[in-house]
Every structure is written in C-alpha cells, then in structure tokens.
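*Asks:* next come a sequence and a model predicted from it.
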Amino acid sequence: MNATVLTDQFGRRIDYVRLSVTDRCDLRCSYCMPEGFTGFEEPEHWLNFDEIERLIGAFARLGVSRIRLTGGEPLLRRDIAGLAGRIAALPGIHDLSMSTNATQLDRHAQALKAAGVTRLNVSLDSLQQARVEKINGRDVLAKVMAGLATAQDAGFTPIKLNMVALAGTNDDEIDEMVAFCMARGFVLRLIEAMPMGDTGRNAEYLDLQQVKERLRAQFDLVETTLHGAGPARYLGTADGRFNVGFITPISQHFCQTCNRIRVAVDGTAYMCLGQEEKFEFRPLLRGGCSDAELEAAILEAINLKPERHEFNESPHKILRFMSMTGG
C-alpha cells in the first residue's frame with residue numbers, strides 16, 4: 001500500500017482528482033455551457049489514453065486514490081470504458097467514479113461496471129419533460145430515465161442524482177425529486193449554482209440552507225455520512241434507506257476541507273473552481289519528461305492551490321465555463 005501523502009501548503013491532504021476526458025457535451029445546460037458555444041479544445045490537444053494513464057499513475061504514486069471521470073460529457077469520449085479499465089488497474093487507485101448526464105448511459109453502463117467504475121453521479125435537474133428541455137437545452141428526459149434503469153440493472157448502487165437547484169425554475173420540484181429518489185433508491189444531491197462564466201453568473205442562485213432545514217423537519221432527517229470524496233453534507237432517514245446531500249459552495253463553503261484538483265482534457269490542472277491557479281502537464285508529457293520530473297511537477301502544482309475561492313467577493317472573476325474546467 002502506498003503510504004505517500006500529498007499535502008498542499010495549507011495542510012490539506014489531496015487524494016482526489018477529477019479528470020475531464022472531453023470538453024464536449026450533448027447538452028447545453030443553462031448554468032454551464034451557453035447555446036452556440038464553439039470554444040472547444042482541439043482534439044489534438046486532448047491528452048491521449050497513454051498520457052492520461054501516465055499522469056494518473058504519477059498522482060497515484062503520490063497518494064491520490066480517488067479518480068472521477070468527468071467532462072463535458074465523459075461518455076462522448078471514444079472507448080471510455082477502455083480508459084476506465086486502465087485507470088482502475090493502476091496501483092493505488094481504490095475508487096473510480098463518473099459524473100454523467102446519462103443520455104448515453106444505457107449503451108455504456110454494463111461496460112463501465114465491468115471496467116471497474118464503482119459509482120455514478122447523474123445530473124437530473126427536473127422530472128418534467130418541458131423543464132428538462134428548458135434547463136438542459138435538449139429533450140432528453142426519456143434517455144436519462146433509460147440510462148438510470150440500465151445502470152441499476154448493471155449493479156450500480158447507490159446512484160447519486162445531482163440536481164442544481166435554481167430559484168424560480170425548479171425549486172418548487174425539490175419535494176417531488178425527494179419522493180422520486182426515495183421510491184427508486186437513489187441518493188439526491190442538491191447543488192447551489194456557481195458563478196463560473198456568464199452562464200453561471202446568470203443562473204438563478206438558490207441558498208440551500210433554508211431548504212436543508214425544511215427537508216430535515218418535513219422528512220424527519222438526521223445528520224449522516226455517505227461514501228464519497230466530495231464536499232456534500234448529508235441528511236438521511238433513520239433507517240438509512242434515503243439520503244440527501246447538500247453542496248453549498250456559496251452559502252457554506254467547504255474550502256478548509258478541499259481534497260481535490262481538476263485536470264482538464266488538455267492536461268491543465270486547475271487548483272480551484274473559483275481561482276485562476278493552474279498548471280499545464282501536457283508540455284511535460286509530450287516533452288519526454290521522466291517519472292521523477294512528472295512527480296516533481298505535481299508537487300509544484302499542488303503548492304499553487306489557494307486557500308479558498310472568492311465566489312462571494314469576486315463573482316465576475318472566473319470567465320471560463322464549467323465544461324472547460326472539468327465538472
């Protein structure tokens with residue numbers, strides 16, 4: 001077992017990398033990527049599978065044990081199950097998960113499970129077809145539901161549903177989503193919109209603190225914990241059959257316990273969603289660096305990680321969209 005511990009300058013252990021495998025997406029969610037957006041990275045700039053495996057292997061040698069495949073939409077990357085299998089086989093990687101919009105999941109769920117993906121987070125902001133089309137820019141509710149059913153049949157459990165709570169758009173549907181997740185055995189996670197790019201800043205931000213207290217009382221929920229590497233704080237039923245998480249980067253930030261960085265599809269590592277610190281690994285990987293040089297670069301990158309975001313103080317600071325950073 002690797003006893004290496006990767007620690008930033010504020011004493012936080014970094015054991016989690018969110019790896020974007022594409023910046024392309026088949027949706028145009030109102031809080032993420034604008035309709036008509038064309039600023040995609042050129043495919044020749046994407047890290048190839050060998051480069052990804054080498055970079056994640058170096059992270060693993062330095063103590064990273066959790067990897068989440070993200071995008072854009074990761075299922076749009078050709079042979080994503082093959083890549084998942086290569087990452088899952090790396091020494092030191094103990095948890096491989098994926099965030100997906102599930103529009104392609106019915107075609108990939110079995111292969112992902114066989115490859116070693118252990119957990120799925122699925123974006124679902126509404127249960128109403130017209131609202132899904134309005135929020136996501138596409139009529140995909142039936143595809144998402146088919147993907148969820150196939151994933152459950154493949155043995156993924158529990159599946160977490162991510163709902164970005166938007167004031168005046170879907171906040172009246174939170175109770176219905178709770179009931180849906182209770183009935184289907186899903187974990188619900190409510191997420192505050194973050195001011196990233198014009199799309200994020202224009203989203204109808206909803207403070208989740210009052211929602212949390214209302215759901216606690218209404219459904220007799222208690223504080224609980226749930227397996228995962230992310231920042232969600234959970235409430236659950238006493239019998240453990242239902243859990244709801246709250247991801248609150250604005251109303252109650254979790255920077256002091258941040259354990260993650262994001263690596264974009266072009267090999268750029270972003271240290272924080274709300275800051276500009278970054279480190280480019282692609283030039284090293286394509287310049288013939290040694291393993292020792294790659295590991296030294298990772299240590300250098302981690303030292304760039306800031307203490308906290310500034311979404312509240314400087315909401316216009318981050319111009320890049322979430323899809324460009326990696327979800």
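*Replies:* Great, that's in hand.
*Asks:* state the number of residues packed around residue 61.
*Replies:* The tally of other residues near residue 61 (other C-beta atoms under 10 Å) stands at 18. The C-beta positions use only the backbone N, C-alpha and C, and glycine is treated the same way.
*Asks:* no no, residue 256
*Replies:* Neighbourhood size, residue 256 [other C-beta under 10 Å]: 10.
*Asks:* in the stretch 151-300 of the chain, where is pLDDT below threshold?
*Replies:* 195-203, 254 (pLDDT under 70).
*Asks:* where do the helices sit along it?
*Replies:* Using DSSP state H, counting those that start in this stretch, the helices found in the stretch 151-300 of the chain span residues 174-184, 197-202, 209-218, 282-286, 291-302.
*Asks:* wait, which of the ones you listed is closest to residue 58?
*Replies:* The closest approach between residue 58 and any of the helices of the stretch 151-300 of the chain, judged by C-beta to C-beta, belongs to helix 291-302 at 4.6 Å.
*Asks:* so residue 166 sits right up against residue 190, yeah?
*Replies:* No: with contact defined as C-beta atoms under 8 Å, residue 166 does not count as touching residue 190 (10.7 Å).
*Asks:* please report the distance of residue 124 from residue 247.
*Replies:* Distance of residue 124 to residue 247, computed by C-beta to C-beta, to the nearest Å: 15 Å.
*Asks:* higher neighbour count, the two?
*Replies:* Using other C-beta under 10 Å as the criterion, residue 124 and residue 247 rank with residue 124 on top: 25 against 20.
*Asks:* could you find the closest non-adjacent residue to residue 28?
*Replies:* residue 137 (3.4 Å; C-beta to C-beta, 6 or more residues apart in numbering).
*Asks:* give the helix, strand or coil label for residue 143.
*Replies:* Of the three states, residue 143 takes helix under DSSP: H, G, I helix; E, B strand; the rest coil.
*Asks:* can you pull the contacts of it?
*Replies:* If a contact means C-beta atoms under 8 Å, 6 or more residues apart in numbering, then residue 143 has 102, 103, 104, 106 as its contacts.
*Asks:* these in helices, which ones?
*Replies:* residue 106 (DSSP state H).
*Asks:* distance to residue 21 and mean neighbour count for the helices of the stretch 151-300 of the chain - can I get that in JSON lines?
*Replies:* Below are the helices of the stretch 151-300 of the chain laid out as JSON lines (distance: least, C-beta to C-beta, whole Å; neighbours: other C-beta atoms under 10 Å):
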{"stretch": "helix 174-184", "distance to residue 21": "27", "mean neighbour count": "16"}
{"stretch": "helix 197-202", "distance to residue 21": "20", "mean neighbour count": "18"}
{"stretch": "helix 209-218", "distance to residue 21": "32", "mean neighbour count": "14"}
{"stretch": "helix 282-286", "distance to residue 21": "14", "mean neighbour count": "16"}
{"stretch": "helix 291-302", "distance to residue 21": "19", "mean neighbour count": "16"}
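*Asks:* now do residue 46 against residue 264, distance only.
*Replies:* 9 Å.
*Asks:* among these two, which residue is more densely surrounded?
*Replies:* Neighbours per residue (other C-beta under 10 Å) separate residue 46 from residue 264, with residue 264 holding more: 29 against 21.
*Asks:* excluding chain neighbours, what is closest to residue 140?
*Replies:* residue 103 (5.0 Å).
*Asks:* OK, contacts around the one you found?
*Replies:* Counting by C-beta under 8 Å, 6+ apart, the residues that residue 103 touches are 26, 27, 73, 75, 138, 140, 143, 144, 147.
*Asks:* switch the cut-off to 7 Å
*Replies:* Applying C-beta atoms under 7 Å, 6 or more residues apart in numbering to residue 103 gives the contacts 26, 140, 143, 144, 147.
*Asks:* tell me the confidence at it?
*Replies:* Each residue has a pLDDT score; the one for residue 103 is 97.
*Asks:* ok, it to residue 226 distance?
*Replies:* Distance check for residue 103 against residue 226: by C-beta to C-beta, it reads 25 Å.
*Asks:* and what of residue 237?
*Replies:* 12 Å.
*Asks:* can you pick the most crowded of the contacts of residue 143?
*Replies:* residue 102 (27 neighbours).
*Asks:* that residue: what's it in contact with?
*Replies:* Contacts here follow C-beta under 7 Å, 6+ apart; on that basis residue 102 touches 122, 144, 147, 148.
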